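Enquirer: show me how the following folds:
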Amino acid sequence: MVIFFPEEPITTQRVWDQARTFCNQCTVRQQCLDYAINHETLGFRRDGMFGGMTPKERERYAESKKR
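Expert: Predicted coordinates for the structure are as follows:
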């Protein structure tokens with residue numbers, strides 16, 4: 001779905017909001033987020049919406065978990 005993986009590397013907030021609305025209703029949201037966090041590494045290019053978080057949000061979230 002385009003809202004989860006927009007073609008532009010930097011997208012508008014409107015597109016992310018659409019994806020987040022969908023994610024907020026998902027029963028496996030936490031598992032999706034956990035999967036993304038466990039399979040992404042810092043310095044690795046993060047793409048798409050996972051678990052209701054944008055790539056930048058997941059990066060900050062992963063950093064906060066390391067502390």
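Enquirer: lowest average confidence, helix or strand, in the chain?
Expert: Lowest on mean pLDDT, DSSP states H and E among the helices and strands of the chain sits helix 55-66, with a mean of 87.
Enquirer: in that one, what's buried?
Expert: By 16 or more other Cβ atoms under 10 Å, the buried positions in helix 55-66 come out as 55, 57, 58, 59, 62. C-beta here means a position set from N, CA and C on the backbone, and glycine is covered the same way.
Enquirer: skipping adjacent residues, who's closest to the fourth one in space?
Expert: Computed as Cβ to Cβ, 6 or more residues apart in numbering, the closest residue to residue 59 that is not its neighbour in sequence is residue 46, at 6.2 Å.
Enquirer: three-state assignment of the one you found?
Expert: Put simply, residue 46 is coil when judged by DSSP: H, G, I helix; E, B strand; the rest coil.
Enquirer: which element is residue 37 on?
Expert: When elements are assigned from DSSP states H and E, residue 37 belongs to helix 29-39.
Enquirer: now the angle from that helix to helix 55-66?
Expert: With axes from the mean of the first three to the mean of the last three Cα atoms, to 10 degrees applied, the angle from helix 29-39 to helix 55-66 works out at 80 degrees.
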